[in-house]
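**Student:** kindly generate the corresponding structure for this input.
(one chain, ligands or ions: 2)
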Amino acid sequence: MEIKKSAFVLSAPLVSMCPKDNKAEYAFIGRSNVGKSSLINMLCQHKGLAKTSSTPGKTLLINHFLINDAWYLVDLPGYGFARRSKSVQKQLQQMISGYILQRKQLVNLFVLIDIRHEQQKIDREFINWLGESGVPFAIVFTKADKLGPVKARQNAEQWMKQLEDVWEELPPYFITSAEKKTGREDLLAYIDDVNQRLEAE
Ligand code: GTP
Ligand code: MG
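**Tutor:** Residues are numbered from 1 along each chain as shown. Ligands and ions are numbered 1, 2, ... in the order given. Down below sits the predicted model:
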C-alpha cells in the first residue's frame with residue numbers, strides 16, 4: 001500500500017466534534033515528545049502535515065488526517081507531561097480517554113515508546129488500561145536511529161518481554177525511525193491488512 005494523498009481535515013477538542021463520515025481511524029498515542037506527529041509525517045512523506053516540536057506538549061487537540069480519501073490517521077496529544085497545571089492535564093486526559101473509549105471508528109491505536117527508555121510505569125499502566133477496555137493496539141518503538149540496529153532490537157525485545165507477566169498474548173510491535181524512515185513499509189502493510197479485513201466484513 002502506498003499513501004498517495006494526505007490532507008489535514010480538522011482539529012477537535014472533543015470526540016463529539018470529530019469527522020462524522022465513518023471512515024476507519026488509526027490513532028497515535030504515547031508520552032509527550034515520543035514522536036507521534038513526526039511518525040505521521042514520515043508515513044505520509046509529508047513534512048509539516050502534523051505539527052512537531054522539540055518542546056513537549058505540541059499537539060493539544062485530536063487531529064484528523066485523511067489518507068487516500070479512504071481512512072484517517074489521527075494525531076493525539078501526549079500523556080504524562082507534568083509541566084502544566086493539574087486542570088489542563090485533567091482536561092487532556094479526558095480528551096484522550098474520551099476519544100479512545102467512545103470513538104467507534106477507531107480500529108487500531110498505535111502506542112509509541114521511545115526505544116532508548118526503560119519501561120515506564122505510565123506506559124505500562126496505559127497499556128494495561130487498553131487491555132481492560134478492549135481497545136485494539138500495537139506498540140511502535142520510535143527514534144531507533146538514536147541506537148545501533150542490534151541494540152534497538154534488543155531493547156524492543158526486552159521491553160516486550162516485560163509485558164509477559166500480565167499479557168498472555170503480546171501485541172504486535174514495530175521498530176521505527178521518523179528520521180531514517182525505518183519501519184514505514186511494515187506499518188503501512190499492517191494498516192493495509194486491517195483495512196482489507198474491514199472491507200471483507
Ligand atoms: P507532543 O505532540 O508534544 O506530544 O509530541 P510528539 O509525540 O508528537 O513528538 P514530535 O513528533 O513533535 O517529536 C518530538 C521531538 O522528537 C522532535 O524534536 C522530533 O524531531 C524528534 N523526533 C521524532 N521522531 C524522531 C526520530 O525518529 N528520530 C529522532 N532522532 N528524532 C525524532
Ligand atoms: Mg505531537
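**Student:** contact residues of the protein facing ligand 2?
**Tutor:** 36-37, 58-59 (C-beta under 5 Å from the ion). In short, each C-beta sits where N, CA and C put it, glycine included.
**Student:** among these, which one sits closest to M17?
**Tutor:** Nearest to M17 out of these is T59 (C-beta to C-beta; 15.9 Å).
**Student:** for the closest one, give me its contacts.
**Tutor:** T59 sits next to 36-37, 50-51, 75-78 when contact means C-beta atoms under 8 Å, 6 or more residues apart in numbering.
**Student:** give me the phi and psi angles of the residue in the chain that ligand 1 sits nearest to.
**Tutor:** The minimum distance from the chain to ligand 1, using C-beta to the nearest ligand atom, falls at G78 (2.7 Å). According to degrees, to the nearest 10, the main-chain angles of G78 amount to phi -80, psi 160.
**Student:** that one contacts S37, correct?
**Tutor:** No - distance between G78 and S37: 9.4 Å, which falls outside the contact criterion (C-beta atoms under 8 Å).
**Student:** ok, back up a step: by neighbour count, which of the contacts of T59 wins?
**Tutor:** Neighbour counts for the contacts of T59, by other C-beta atoms under 10 Å, peak at K36, which reaches 29 neighbours.
**Student:** what's across from the residue nearest to that one when sequence neighbours are not counted in the sheet?
**Tutor:** Using C-beta to C-beta, 6 or more residues apart in numbering and skipping the chain neighbours, the partner closest in space to K36 is F28 (4.2 Å). Judged by DSSP bridges, the bridge partners of F28 are D75, F110.
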